[in-house]
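Engineer: Here you go, sequence then predicted model.
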Amino acid sequence: MTPVVVLEHVQKTFGSHLAVSDLSLTIDRGESIAILGPNGAGKTTTIGMMLGLQKPSSGRVWLLGGNPSDPKRHIDIGVVLQNVSVPDRLTVKECLNLFRQFYPHPRPLEDLLAMAGLEDDARKMAQSLSGGKVRRLQFALAMTGNPDVLFLDEPTVGMDVGSKRKFWDALQTYVKEGKTLILTTHDLHEADAMTNRVVVMNHGAVIADGTPEAIKKEFAGRQVSFVPGNGIDLTPITQWPEVVDVHVAGRRTVVVTKDSDTTLRRLIEGHWDIRDIMVGGGGLEEAFVRLTQLKGDSI
Ligand SMILES: Nc1ncnc2c1ncn2[C@@H]1O[C@H](COP(=O)(O)OP(=O)(O)OP(=O)(O)O)[C@@H](O)[C@H]1O
């Protein structure tokens, strides 16, 4: 099947500044992928090139097997970009109905309003909506044509907790239909919950690419901590192959490990004189911080 997006050795410079550096990436149908990275990592520029809004300085980009600038490629695509305004002097309902006219099989108006949680705002002027609601309207507009591929650039910026939850529910339904989701976000919980692939960028290059589970396992370093008995020698623990680090925090000893199950098993089967064992950490946030520290700078 034709991939949704292929980038081959793509580079993008702005004057002397290298925004994207030798980026190769293939995104297949049905993938839900989060592009993460600190400010200025090159995420928006990459999305712009995928959509044909920006031309690479070198390398090649295919969108649905063709030139991303070709309007034919955009029929099955929904897009929410940053800082895009909503139509002037139209109500929410009028905006949605206007967009519905562009598509042969648009989603029903009621579905779109419900998906965006804007049922009570249908008669309000689009421009009078709060920032978070404008984002939700943009999402509904992107969903009007029932797209097979959805590009979202930081979609939940400005949304309150309740709005985010509703939005994530709508995204989950979309992903479960086997459609393709490509999003950039600074919300690592969002990336973890919504996607099955995470690409981490820094300084224009990909520094990690894998499932959220694989990235967490490799970089997050789960922690097994406990209170040791008096005078026990912890040196053997530092030599276990999965253990990354052993340090003392107050009265607890903290073992940073790539595989907390194995570490825990060794501790229990070895009848170590320890008590109050706790397992924690290991989130995408820890992985992201460690990755950007290892391979670049901080967030
Ligand atoms: N039109 C432009 N002209 C000059 N430099 C640009 C332009 N667009 C982006 N850049 C630079 O390219 C780099 C990558 O920017 P980009 O917006 O892609 O990063 P990002 O990862 O999306 O950042 P953020 O998380 O802040 O949105 C940055 O250093 C930015 O200043």
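Structural biologist: Good, I have the coordinates.
Engineer: what about the longest helix in the protein?
Structural biologist: As assigned by DSSP state H, the longest helix anywhere in the chain is helix 161-176.
Engineer: which of the residues in that helix are buried?
Structural biologist: Residues 163-164, 166-168, 170-171, 174-175 are the ones in helix 161-176 that count as buried (16 or more other Cβ atoms under 10 Å). All C-beta spots, glycine's among them, are computed from the backbone N, C-alpha and C.
Engineer: could those go into a markdown table alongside distance to residue 31 and pLDDT?
Structural biologist: Converted to a markdown table, these look like this (distance: Cβ to Cβ, whole Å; pLDDT from 0 to 100):
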| residue | distance to residue 31 | pLDDT |
| --- | --- | --- |
| 163 | 25 | 86 |
| 164 | 22 | 88 |
| 166 | 23 | 85 |
| 167 | 20 | 88 |
| 168 | 18 | 89 |
| 170 | 18 | 88 |
| 171 | 14 | 90 |
| 174 | 13 | 91 |
| 175 | 9 | 91 |
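Engineer: which one of the residues you listed is nearest the ligand?
Structural biologist: residue 164 (17.9 Å; Cβ to the nearest ligand atom).
Engineer: Touching, the closest one and residue 156? I think so.
Structural biologist: Yes. If you go by Cβ atoms under 8 Å, residue 164 and residue 156 touch, sitting 5.1 Å apart.
Engineer: okay, the buried residues of helix 161-176 in a markdown table with distance to the ligand next?
Structural biologist: Converted to a markdown table, the buried residues of helix 161-176 look like this (distance: Cβ to the nearest ligand atom, whole Å):
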| residue | distance to the ligand |
| --- | --- |
| 163 | 20 |
| 164 | 18 |
| 166 | 24 |
| 167 | 19 |
| 168 | 20 |
| 170 | 23 |
| 171 | 20 |
| 174 | 23 |
| 175 | 22 |
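Engineer: if I look at residue 164 and residue 156, which residues touch both of them?
Structural biologist: 187, 190 (Cβ atoms under 8 Å, 6 or more residues apart in numbering).
Engineer: how about residue 209, secondary structure?
Structural biologist: strand (DSSP: H, G, I helix; E, B strand; the rest coil).
Engineer: which ones are touching it?
Structural biologist: Counting by Cβ under 8 Å, 6+ apart, residue 209 touches 25, 197-200.
Engineer: Identify those among those residues that sit within strands.
Structural biologist: Among the contacts of residue 209, DSSP state E puts 25, 197-200 in strands.
Engineer: out of those, which is most surrounded?
Structural biologist: Counting by other Cβ atoms under 10 Å, residue 200 has the largest number of neighbours within the ones in strands among the contacts of residue 209, with 27 neighbours.
Engineer: got the contact list for residue 203?
Structural biologist: 18, 21, 41-42, 296.
Engineer: give me the subset of those touching the ligand.
Structural biologist: 41-42 (Cβ under 6 Å from any ligand atom).
Engineer: Let me have the contacts of residue 203 in JSON lines, extended by neighbour count and pLDDT.
Structural biologist: Output for the contacts of residue 203, formatted as JSON lines (neighbours: other Cβ atoms under 10 Å; pLDDT from 0 to 100):
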{"residue": "18", "neighbour count": "16", "pLDDT": "94"}
{"residue": "21", "neighbour count": "16", "pLDDT": "94"}
{"residue": "41", "neighbour count": "25", "pLDDT": "94"}
{"residue": "42", "neighbour count": "24", "pLDDT": "95"}
{"residue": "296", "neighbour count": "16", "pLDDT": "59"}
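Engineer: Now render the contacts of residue 203 as a markdown table, adding distance to residue 268 and secondary structure.
Structural biologist: Putting the contacts of residue 203 into a markdown table (distance: Cβ to Cβ, whole Å; DSSP: H, G, I helix; E, B strand; the rest coil) gives the following:
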| residue | distance to residue 268 | secondary structure |
| --- | --- | --- |
| 18 | 50 | strand |
| 21 | 47 | strand |
| 41 | 41 | coil |
| 42 | 45 | coil |
| 296 | 38 | coil |
